[in-house]
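**Q** quick check, what structure comes out for this input:
(2 chains)
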Protein chains: 2
Amino acid sequence: MGKNDKDDFSLRDVLQIPPDPGDARAHLQEIHPAATPLAPGKKSHTKKQMKKYGPELTDLQEKLYAQAQADDVDRVLIVLQGMDTSGKGGIVEHVFGLINPAGLLLRSFKAPTKEELAHDFLWRVTKALPEPGTIGIFDRSQYEDVLIVRVHDLIPEAEWTARYEAINGFEADLAASGCRIIKCFLNVSFSMQRERLIARLDDPNKHWKFNFGDIKERGYWADYQVAYLDALTKCNSDGAPWYSIPADHKWYRNWAISRLLLETMRDINPQYPQMDFDVPDLKGQLAAPN
Amino acid sequence: MGKNDKDDFSLRDVLQIPPDPGDARAHLQEIHPAATPLAPGKKSHTKKQMKKYGPELTDLQEKLYAQAQADDVDRVLIVLQGMDTSGKGGIVEHVFGLINPAGLLLRSFKAPTKEELAHDFLWRVTKALPEPGTIGIFDRSQYEDVLIVRVHDLIPEAEWTARYEAINGFEADLAASGCRIIKCFLNVSFSMQRERLIARLDDPNKHWKFNFGDIKERGYWADYQVAYLDALTKCNSDGAPWYSIPADHKWYRNWAISRLLLETMRDINPQYPQMDFDVPDLKGQLAAPN
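**A** Residues are numbered from 1 along each chain as shown, chains lettered A, B, ... in the order given. Presented below is the predicted three-dimensional model:
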């Protein structure tokens, strides 16, 4: 048994970034990228614990989907944000691979297309929101529109500063409509990013993952930290909280995301809907030989 | 060891429906819904074999995705068609749950929306096609437009009869553009459908899956068989073949789909792209302390 196999703890309480900017800064320093708060054990034990969440997650997911057939509006949106190599792809494979793809809606946001640029920045994310009963995952999100555009001066300052409030309004409406929002800042260190980029270069089978732009973006690391701190504090409400996910250990990062999802799903506590059927009559109809 | 653990057989050869209508009818009678051709063993052994395909499928899927980053066009489309309870949902959960959701595009086609009806019947399927490097799954498909609309006289006969040729043109273009198409007719028997519908009624936790329309549709079973036979023979080319999947045993049905996908992926034989990098130079750039 690892130390946290006892299951009544709240990882959300520990990883949630406080709304006050000063407290947020302190929290981000305290929970550093290589930390493993509340981990059930070391690497192999923690990986096993994550796999053990699979059946419970699948069960909760089926109930979530089932109750939506009776017009329940509950649904979940997980937002993944982080610097290159922080592990968005690994989370999709290892965490969301645990659950039924039928109830999963994954959307990756790349540089906006011409069509997307012709609309308000929230247009493309609004179109990609999960339906009732499902779990949506944003691999990057509306936050790119206050991160990369700010760091690279792609739009005037007045425009991106106005976006924090637009995002807050969007997320408040979404939460009020029955969507649980889990925003994950995947906190990878500068040195771990170097290590992972070098690992990609050292393995020819990983070259396809290597992007020349990654080295250039690395040069803006400090600017990104400033932009992230603003995004994490200016848009951080009870209905759409940010969690700081230490991301230097892949096994911890994956477990933490699966745990945040599990705690949220338990909180929703979805139930199979009770239908008003005349079961004997329906069975009688089915007995007919055709 | 089960009898078919030896891995050099072709399930595709056995399950593929011949193009000639007479031969097709004979094949559909020969491979009946409760058959288990080429199964590696009985239920538990076959389920284990399917799980063993997981790592190879994941590896092939990653390579497929990787080579698309170097502009390779290969991709896969799996079409699932069958009567209610034939197992489309179970296949998505158990077969496609084996692979990375990042490379999977699932689309379920329900009764067409007003917007969809305002377009040609192929509009909505065209929009849902998988990108290069990914695996698309259609849960129902363009074939609904020659099945349900025909059985229920929803459009004039001249209109649905013209659709076979339209589907053939669409699928020929798709295949020519680098998409492997695997069309699966999930062949469930009339009596097994009854059994499964009764099981849904007997378990209150499955009531949400029960649809009153299912009993009504059951009354049209014979009409559907006629409509299916036309769909399976009029639209059945080398580039877009139909497979008859015996679907009375869930364990066989799931294994068969995973096996068809595996054989197709092996056939594609995707490769990690070779990039022309100056690795030492890039590593030098990464060494900079910022």
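
**Q** where exactly do the helices run in the stretch 1-150 of chain A?
**A** Counting by DSSP state H, counting those that start in this stretch, the stretch 1-150 of chain A has helices at residues A:11-15, A:21-30, A:43-68, A:88-94, A:114-117, A:123-127, A:144-151.

**Q** and what of the stretch 151-290 of chain A?
**A** If DSSP H, counting those that start in this stretch is used as the criterion, the helices of the stretch 151-290 of chain A fall at A:157-176, A:190-202, A:212-218, A:221-234, A:250-268, A:279-287.

**Q** give me whichever of those is most buried.
**A** Compared across these, helix A:250-268 shows the largest average neighbour count, a mean of 21 (mean count of other C-beta atoms under 10 Å in any protein chain shown). From N, CA and C alone the C-beta is placed, and that goes for glycine too.

**Q** what's the angle between it and helix A:190-202?
**A** Inter-element angle recorded for helix A:250-268 and helix A:190-202: 110 degrees (by axes from the mean of the first three to the mean of the last three C-alpha atoms, to 10 degrees).

**Q** and for helix A:250-268, what are the contacting residues?
**A** Residues from elsewhere that reach helix A:250-268 (C-beta atoms under 8 Å, 6 or more residues apart in numbering or on different chains): A:10-12, A:15, A:35-36, A:38-40, A:43, A:46-47, A:49-50, A:53, A:56-57, A:60-61, A:64, A:74, A:76, A:78, A:87, A:90-91, A:94-95, A:98, A:135, A:180, A:182, A:184, A:186, A:243, A:245-247.

**Q** want to throw the helices of the stretch 151-290 of chain A into JSON lines with mean pLDDT?
**A** Shown next, in JSON lines, are the helices of the stretch 151-290 of chain A (pLDDT from 0 to 100):
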{"stretch": "helix A:157-176", "mean pLDDT": "98"}
{"stretch": "helix A:190-202", "mean pLDDT": "96"}
{"stretch": "helix A:212-218", "mean pLDDT": "90"}
{"stretch": "helix A:221-234", "mean pLDDT": "96"}
{"stretch": "helix A:250-268", "mean pLDDT": "98"}
{"stretch": "helix A:279-287", "mean pLDDT": "91"}
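
**Q** how much space separates the residue nearest to A:Trp251 when sequence neighbours are not counted from chain B?
**A** The shortest distance from A:Trp251 to any non-neighbouring residue, by C-beta to C-beta, 6 or more residues apart in numbering or on different chains, is to A:Lys43 (4.7 Å). Noted for A:Lys43: a distance of 20 Å to chain B, by C-beta to the nearest C-beta, to the nearest Å.

**Q** A:Lys43 - how many residues pack around it?
**A** When neighbours are counted by other C-beta atoms under 10 Å in any protein chain shown, A:Lys43 registers 14.

**Q** about what we covered before: can I get the helices of the stretch 1-150 of chain A in TSV with mean pLDDT?
**A** Shown next, in TSV, are the helices of the stretch 1-150 of chain A (pLDDT from 0 to 100):
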stretch	mean pLDDT
helix A:11-15	98
helix A:21-30	93
helix A:43-68	97
helix A:88-94	96
helix A:114-117	96
helix A:123-127	98
helix A:144-151	97
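
**Q** of those helices, give the one that comes closest to A:Asp278.
**A** helix A:43-68 (20.3 Å; C-beta to C-beta).

**Q** now the angle from that closest one to helix A:250-268?
**A** Going by the same axes, to 10 degrees, helix A:43-68 makes 30 degrees with helix A:250-268.

**Q** show me how far helix A:43-68 is from its chain's centre.
**A** 16 Å (C-alpha atoms, centre = their mean, to the nearest Å).

**Q** what of stretch A:274-284?
**A** Mean-position distance between stretch A:274-284 and its chain equals 40 Å (C-alpha atoms, centre = their mean).

**Q** kindly report the same for stretch A:143-159.
**A** Averaging C-alpha positions (C-alpha atoms, centre = their mean) puts stretch A:143-159 22 Å from its chain's average.
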